[in-house]
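Enquirer: The following comprises the amino acid sequence and a computationally predicted model.
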Amino acid sequence: MVSRVIPVDPFDLVIFGGTGDLARRKILPGLYRRFHDGQMPEGARIIGAARSEMDEAGYRDFVRGAIGEFVQKRNDKDIVDAFLERLTYVAVDAKGTDGWDELAHAMRPDVIKAYYFSVGPSLFGDIAERLMNHGIADDEARIVVEKPFGHDLASARALNETLARHFDETQIYRIDHYLGKETVQNLMAVRFGNMLFEPLWNAQYVDHIQITVAETVGVGGRGDYYDKSGAMRDMVQNHLMQLLCLTAMEPPSKYDPDAVRDEKLKVIRALESVESDDIVRGQYKSQAESYIDDVENPRSITESYVAMKVRIANWRWNGTPFYLRTGKRMKERVSEIVVRFKEPPHSIFEEDTGQSANELTIRLQPNEGMDLTVTIKEPGPGGMRLIDVPLDMTFAEALGEEAADVPDAYERLIMDVIRGNQTLFMRGDEVEAAWAWTDPIIDSWTVREDRPHPYEPGSTGPEEALILMHRDGRRWRELRT
Ligand code: NAP
């Protein structure tokens, strides 16, 4: 089964921060893959922009290196050469005057103009202002802004106001790459494209929902940034919040950017504030490896792990808790949503026949796909014994390797920017509502000087997080190595 590739309209895409880590690892390799698959029309051009002095040939060499390093399949020399023909570079200082006339000169009229702000947020306002002053952002122009979108509600509001001075909300694409993942969109397809799940998708039938985003890596080279942020700001406020919204939201009236985002916003606004004993913070620590060494801050009390019980105060979810957890240096790298249904109200089978509750697992990584456990009779002559079997819908198995070779989140989202489709991007009010819920939690830690619980690197997190579930008679889905 081969997926259809529909080319987008001609565009000029400027990547501010075109020499940075994100551009090298994700944006440029992703654009190459879209070119390889025939999604870029003749008139598509990419312009790298950063302060470093570099000529066009130098930038093309840089991009060739990035493709060599980060594109596994499709690495075909002739196609890479043809892709590089689409690239140019302009040295631009976002805060000064250098390079702006040259950039304005390089932009073509009559094509879609997209500006990817792959730079620190402190430069967003400067770039937006200069784009306007140089007349290179028309009403159709789009800007893409990277996370983190603010550090708290006040800074997110300030950032929204800065961008709103120059651009309409319909032109602003706040990226959360989790929303570009195939399975995240499939979550909507499964929920709203089938009759099977939605009637059961509520507190009457769902016991609880778990959302896990676990990483095996530590803070790596991002220690300085991460220590000022922590798991709550870095992961919960954005990625886990988005997964929570898509899992919990009401069906939108149509698959349209504002209809979807209105429903997500309602979920965030219905979140109850979280009691302090419903949250566990952790920090990885052992003799050999510890968070405080990685961030070079021996007094750090920033969390590298957080687990929490969250309640949504609305008709659909009253009584069904959502358990969220995320952490670094954990046992398994996995992102998944587990919907645990209630047990049947009455069992016709004898006790200890092995009956248990159904579980739907939506895996974002690795092996994107879904898995539903159903109870059946154990085959054989041994009487009525029940076992759980998985109905595995791993995309690679169900659709064949080719169809499972789906675009990476970044490349899909960039194509959505060119198409002018904001459905998978966060709206300003959504981001602010997420911070409004997150801020009091973080503030209470600051006031109490709350110290995270230590956990062994490579483990499932602190003991206290297990207790958070045990106390409710529930268990986290096991992490595997
Ligand atoms: P980075 O590696 O530090 O790159 C920053 C880029 O910005 C470089 O190309 C740099 O080039 C350019 N730059 C800096 N100051 C500039 C100025 N005054 N004018 C023009 N260009 C300037 O950062 P990054 O990791 O790519 O991250 C970029 C953004 O994406 C950040 O907001 C980050 O939080 C976000 N993000 C990154 C990742 C990731 O995996 N890396 C993931 C999620 C979000 P010059 O020094 O030559 O100017």
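Expert: Thanks, I have it.

Enquirer: can you point me to the longest helix in this structure?
Expert: Ranked by residue count under DSSP state H, the longest helix found in the chain is helix 428-448.

Enquirer: packing partners for that one?
Expert: On a contact count with 3 or more CB pairs under 8 Å, 6 or more residues apart in numbering; DSSP states H and E, helix 428-448 meets helix 153-164, strand 172-174, helix 257-269. For every residue, glycine as well, the C-beta is placed using N, CA and C.

Enquirer: again, only using 7 Å
Expert: Packing partners of helix 428-448 (3 or more CB pairs under 7 Å, 6 or more residues apart in numbering; DSSP states H and E): helix 153-164, helix 257-269.

Enquirer: Put the alpha carbons of it into PDB.
Expert: The C-alpha trace of helix 428-448 is given here as PDB (Å, rounded to 0.1, in the frame of the first residue of the first chain):
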ATOM      1  CA  GLY A 428      -2.200  31.400  21.400                       C
ATOM      2  CA  ASP A 429      -5.100  31.000  23.800                       C
ATOM      3  CA  GLU A 430      -4.400  27.200  24.100                       C
ATOM      4  CA  VAL A 431      -0.700  27.900  25.100                       C
ATOM      5  CA  GLU A 432      -1.800  30.500  27.600                       C
ATOM      6  CA  ALA A 433      -4.400  28.200  29.200                       C
ATOM      7  CA  ALA A 434      -1.800  25.500  29.500                       C
ATOM      8  CA  TRP A 435       0.500  27.800  31.400                       C
ATOM      9  CA  ALA A 436      -2.300  29.100  33.500                       C
ATOM     10  CA  TRP A 437      -2.800  25.500  34.800                       C
ATOM     11  CA  THR A 438       0.900  24.800  35.100                       C
ATOM     12  CA  ASP A 439       2.100  28.000  36.800                       C
ATOM     13  CA  PRO A 440       0.500  27.400  40.200                       C
ATOM     14  CA  ILE A 441       2.000  23.900  40.400                       C
ATOM     15  CA  ILE A 442       5.500  25.200  39.700                       C
ATOM     16  CA  ASP A 443       5.000  28.200  42.000                       C
ATOM     17  CA  SER A 444       4.000  25.900  44.900                       C
ATOM     18  CA  TRP A 445       7.200  23.900  44.500                       C
ATOM     19  CA  THR A 446       9.200  27.200  44.500                       C
ATOM     20  CA  VAL A 447       7.500  28.400  47.700                       C
ATOM     21  CA  ARG A 448       8.000  25.100  49.500                       C
END
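
Enquirer: what's the closest non-adjacent residue to the closest residue to the ligand within the stretch 1-150 of the chain?
Expert: Of all residues in the stretch 1-150 of the chain, residue 20 sits closest to the ligand, at 2.3 Å by CB to the nearest ligand atom. Distances taken as CB to CB, 6 or more residues apart in numbering put residue 118 closest to residue 20, at 5.8 Å, once the chain neighbours are dropped.

Enquirer: Wait, the one you found touches residue 21, no?
Expert: No - Residue 118 lies out of contact with residue 21 (CB atoms under 7 Å); the separation is 9.0 Å.

Enquirer: the more surrounded of those two?
Expert: Taking neighbours as other CB atoms under 10 Å, residue 118 and residue 21 compare with residue 118 leading, 25 against 11.

Enquirer: I'd assumed residue 357 was in a helix, is it?
Expert: No - going by DSSP: H, G, I helix; E, B strand; the rest coil, the assignment for residue 357 is coil, not a helix.

Enquirer: residues touching it, list them.
Expert: Contact analysis of residue 357 by CB atoms under 7 Å, 6 or more residues apart in numbering lists 207, 340, 341, 342, 343.

Enquirer: nearest spatial neighbour of it, skipping sequence neighbours?
Expert: residue 343 is the one closest to residue 357 (CB to CB, 6+ apart), at 4.7 Å.

Enquirer: ok so residue 292 is a strand residue?
Expert: No - judged by three-state DSSP, residue 292 forms no part of a strand; its state is helix.

Enquirer: Make residue 1 into 834 and carry on from there
Expert: Right, with 834 as the first residue, what we last looked at is residue 1125.

Enquirer: still on that earlier bit, tell me which two in the contacts of residue 1190 are the farthest apart.
Expert: Spanning the widest gap among the contacts of residue 1190 are 1173 and 1176, at 9.8 Å by CB to CB.

Enquirer: Between these two, point out the one with more neighbours.
Expert: For residue 1173 versus residue 1176, neighbours defined as other CB under 10 Å are more numerous around residue 1173 (22 against 13).

Enquirer: my guess is residue 1052 contacts residue 1127, does it?
Expert: Yes - contact criterion CB under 7 Å: residue 1052 and residue 1127 qualify, at 4.9 Å.

Enquirer: rewinding a little: buried set for the longest helix of the chain?
Expert: 1261, 1263-1272, 1274-1275, 1278 (16 or more other CB atoms under 10 Å).

Enquirer: How about residues contacting that helix?
Expert: With contact meaning CB under 7 Å, 6+ apart, helix 1261-1281 is reached by 982-983, 985-986, 989-990, 993, 1002, 1007, 1065, 1069-1070, 1074, 1094, 1097-1098, 1101-1102, 1104, 1106-1107, 1109, 1112.

Enquirer: Hey, what's the angle from it to helix 1090-1102? Just curious.
Expert: 20 degrees (axes from the mean of the first three to the mean of the last three CA atoms, to 10 degrees).

Enquirer: Next secondary structure element downstream of helix 1261-1281?
Expert: strand 1286-1288 (DSSP states H and E).

Enquirer: what's the average pLDDT for the next helix or strand after that next one?
Expert: Next along the chain after strand 1286-1288, taking DSSP H and E as the criterion, comes helix 1296-1303. Mean per-residue pLDDT for helix 1296-1303: 97.

Enquirer: Tell me the helices and strands packed up against helix 1296-1303.
Expert: Using 3+ CB pairs under 7 Å, 6+ apart: helix 1296-1303 touches strand 1112-1117, strand 1138-1143.

Enquirer: Okay, buried residues for that helix please.
Expert: Counting neighbours by 16+ other CB under 10 Å, one finds that the buried residues in helix 1296-1303 are 1297, 1298, 1301, 1302.

Enquirer: Equivalent analysis for stretch 999-1019, please.
Expert: In terms of neighbour count (16+ other CB under 10 Å), stretch 999-1019 has its buried residues at 999-1000, 1004-1019.

Enquirer: Residue numbers of this protein in contact with the ligand?
Expert: The interface of the chain toward the ligand, taken as CB under 6 Å from any ligand atom, is made up of 849-856, 883-885, 925-928, 951-954, 956, 979-981.

Enquirer: rerun that using 8 Å as the cut-off
Expert: The interface of the chain toward the ligand, taken as CB under 8 Å from any ligand atom, is made up of 849-859, 882-885, 924-929, 950-954, 956, 959-960, 979-981, 1010, 1055, 1058.

Enquirer: Among these, which are located in strands?
Expert: Counted as lying in strands by DSSP state E, out of the residues of the chain next to the ligand, are 849, 882, 883, 924, 950.

Enquirer: Between the buried residues of helix 1296-1303, which sits nearest residue 1163?
Expert: residue 1298 (10.7 Å).

Enquirer: Can you tell me the closest non-neighbouring residue to the closest one?
Expert: In space, residue 1298 is closest to residue 1140, 3.9 Å off (CB to CB, 6+ apart).
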